[in-house]
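S.K.: Any chance you can model this:
(chains A and B)
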Amino acid sequence: MKKTIIFILTIITLISVFSVSAFAEDSLEASSDASIPTIGAVDESVEDNEDAVGDVQLSFTTDNMSKTLEHMGLGMLGVVIVLGLIACVVLVLNKVFKS
Amino acid sequence: MNCRCYVMDSIQILFRYFGNIEWQMPVMWLIGAILIYLAIKKDMEPTLLLPMGFGAILMNLPTPLQMDAAGNLVPAEGVSEVLETLYNAGIANELFPLILFIGIGAMIDFGPLLSNPKMLLFGAAAQFGIFFTYFVASFFFDIKDAASIGIIGAADGPTAIVVSRALNSNYIGAITVAAYSYMALVPIIQPPVIRLITTKKERMIRMEYKPASVSKTTRILFPIIITVLAGLFAPASVALVGFLMFGNLIRECGVLDNLSQTAQKELANLVTLFLGITIAFTMRGEAFLKPATLLIMGLGLFAFVFDTIGGVMLGKLMNLFSKKKVNPMIGAAGISAFPMSSRVIHKMGLKEDPQNFLLMHSTAANVSGQIASVIAGGLILGLVQG
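M.R.: All right, here's what the predicted structure looks like:
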């Protein structure tokens, strides 16, 4: 059990380190300003539609790249941490409450 | 003469709605027919695809006319008004998918996972497709729509509906169709991806199954602790996790067998019935038939592929550290398409080696995917809504 807990915590640590180093990439900020319209043009007059049947057009943009990359890292990290903790809790429960 | 005029008028009245048919309508009828065909002939998620297919046809018929206050004939709401009422009552407030989660929770046996909790990590790794697709989709869509599209990779219809609805996505119809279609296509999507990234030797790795006995106390405490942990780390996932775990608690407590059976059967069936037909409200031709829908279908497939890759890669990583080798294929079962994915992996294992029984391992990874996907959904909601 000890080995398994250590393994799980190692995975969590590795992913944490990977995510933190990914956020440190300054170069992302520089590229976040670029916007290259390719698929249709964005109509400025179109507001975000509140209905589920909105009329929204597509455009290619890298404006959100740094934000979504950060969300990607945080999201994966979050899932691994929560699931890793649950795994540790289950190991402890199995140890404490033997059938 | 009068008689002829009467007949002509009658014919004109009979055919008056034909002029209201727009090009999108027959296309949506065809899409509806395809969904119905897939449900009946191919047995692909029939409980959802059939009502959605019929609803797609229903939503795309010419609307009747009604007299307004000034005495003019104007288009009435027709059947869409009824579906809108259902939509507002059950989907706009996320009620239907959440209630369905009680049924799903009551159906799941977490036993294989509790006896081998290491498998929870596969559930986490197989959510990679969600976040990677979110990142890729953000090049084409705004953040809220991109996150809603990414959640197709949860391989979990109710989670996809809840997240896309909570983020007020403009593409909820396309996202739901993609989520349920790809869930049904897991046996076609996963095997080639797994074969591409694993060697025959890896696929032949045998895994012994020696289940540790799990006490009833652990089974009862598990859903409660999961809910608390989810509430602490990802509060936005509490509704999803809470309803799922409530269903499981009903199952495991041992004193509510009737409620457990009702949740698994009657409740789940009833909600599924309404969910399918109601989601069709978002399948109006003018909103559905756009290049974005095709792109969403493509990104949905992308999400499933990278979920599979994420899970398998963790299996390979584990083999670098662990003495007991893990068959990396079971990582692919970490997506939440339950129980389809675990069966696919089991069959793939048997194909490579007829004595290699991976079902219990893949089932453990699969149920962990169910937990991981709702937590990922909650995390995405929390991150995007700030």
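
S.K.: quick one: what helix or strand has A:Lys98 in it?
M.R.: Using DSSP states H and E, A:Lys98 sits within no helix or strand.

S.K.: per-residue confidence at it?
M.R.: pLDDT, A:Lys98: 78.

S.K.: count of neighbours near the spatially closest residue to it that is not a sequence neighbour?
M.R.: Nearest residue to A:Lys98, sequence neighbours excluded (CB to CB, 6 or more residues apart in numbering or on different chains): B:Ser215, at 6.2 Å. Heads up, the C-betas are built off the backbone N, CA and C, glycines and all. Look at B:Ser215: counted by other CB atoms under 10 Å in any protein chain shown, it has 15 neighbours.

S.K.: Name the SS class of B:Asn93, please.
M.R.: Here B:Asn93 is recorded as coil under DSSP: H, G, I helix; E, B strand; the rest coil.

S.K.: now do B:Ser336
M.R.: B:Ser336 ends up coil, using three-state DSSP.

S.K.: close enough to count as contact, the residue nearest to A:Lys98 and A:Lys95?
M.R.: No - contact status for B:Ser215 versus A:Lys95: not in contact, 10.6 Å apart, counting by CB atoms under 8 Å.

S.K.: Got the phi and psi for the residue nearest to A:Lys98?
M.R.: B:Ser215 has phi and psi values of phi -80, psi 160 when expressed as degrees, to the nearest 10.

S.K.: pLDDT at it, what is it?
M.R.: Confidence score, pLDDT, at B:Ser215: 89.

S.K.: ok, it to B:Pro51 distance?
M.R.: B:Ser215 sits 41 Å away from B:Pro51, going by CB to CB, to the nearest Å.

S.K.: try B:Leu240
M.R.: B:Leu240 is 22 Å from B:Pro51, by CB to CB.

S.K.: how long is stretch B:39-48 from one end to the other?
M.R.: 8 Å (CA to CA, to the nearest Å).

S.K.: scratch that, stretch B:262-273
M.R.: 15 Å.

S.K.: Check whether stretch B:149-156 comes near chain A.
M.R.: No - applying CB under 8 Å from any CB of the partner chain, one finds stretch B:149-156 separated from chain A by no less than 8.9 Å.

S.K.: do stretch B:322-338 as well
M.R.: Yes - remark: stretch B:322-338 sits within contact range of chain A at B:Ser322, by CB under 8 Å from any CB.

S.K.: Straight-line length of that stretch, end to end?
M.R.: Using CA to CA, the two ends of stretch B:322-338 sit 27 Å apart.

S.K.: try stretch B:247-262
M.R.: Across stretch B:247-262, first to last residue, CA to CA, it's 10 Å.

S.K.: quick one: low-confidence ranges for the chain?
M.R.: Unless you meant another one, I'm taking chain A. A:1-58, A:99 (pLDDT under 70).

S.K.: hm, I was asking about chain B
M.R.: Using pLDDT under 70, chain B drops low at B:1-3, B:64-69, B:71-78.

S.K.: all strands for it, in order.
M.R.: B:65-67, B:73-75 (DSSP state E).

S.K.: B:Leu240 and B:Pro51: who's more crowded?
M.R.: Set B:Leu240 next to B:Pro51 and count neighbours by other CB under 10 Å: B:Leu240 wins out with 30 against 23.

S.K.: neighbours of B:Gly103, just the number please.
M.R.: B:Gly103: 25 neighbours (other CB under 10 Å).

S.K.: That should have said B:Val27, apologies.
M.R.: Count around B:Val27 with other CB under 10 Å applied: 14.

S.K.: Next: B:Leu379.
M.R.: 27.

S.K.: most centrally placed residue in chain B?
M.R.: The structure's chain B has its C-alpha centroid closest to B:Gly157; by CA atoms, centre = their mean the separation is 1.7 Å.

S.K.: doesn't B:Val177 make contact with that residue?
M.R.: No - between B:Gly157 and B:Val177 there is no contact under CB under 8 Å: 10.0 Å.

S.K.: and the longest helix seen in chain B, what does it pack onto?
M.R.: Identified as the longest helix of chain B according to DSSP state H is helix B:291-321. Counting contacts by 3 or more CB pairs under 8 Å, 6 or more residues apart in numbering or on different chains; DSSP states H and E, helix B:291-321 packs against helix A:2-23, helix B:120-125, helix B:128-137, helix B:143-150, helix B:172-184, helix B:186-197, helix B:329-332.

S.K.: Can you point out the buried residues in it?
M.R.: For helix B:291-321, the neighbour count (16 or more other CB atoms under 10 Å in any protein chain shown) marks B:292-293, B:295-297, B:299-315, B:317-319 as buried.

S.K.: B:Ile99 touches B:Phe243, doesn't it?
M.R.: Yes - between B:Ile99 and B:Phe243 there is a contact under CB under 8 Å: 7.2 Å.

S.K.: out of those two, which sits in the busier spot?
M.R.: The neighbour comparison of B:Ile99 against B:Phe243 (other CB under 10 Å) goes to B:Phe243, with 23 against 20.

S.K.: sorry, back to before: please tell me how far the residue nearest to A:Lys98 sits from A:Phe97.
M.R.: Where A:Phe97 is concerned, B:Ser215 sits at a distance of 4 Å (CB to CB).

S.K.: Test my guess that B:Thr218 contacts A:Phe97.
M.R.: Yes - B:Thr218 is within contact range of A:Phe97, at 5.0 Å (criterion: CB under 8 Å).
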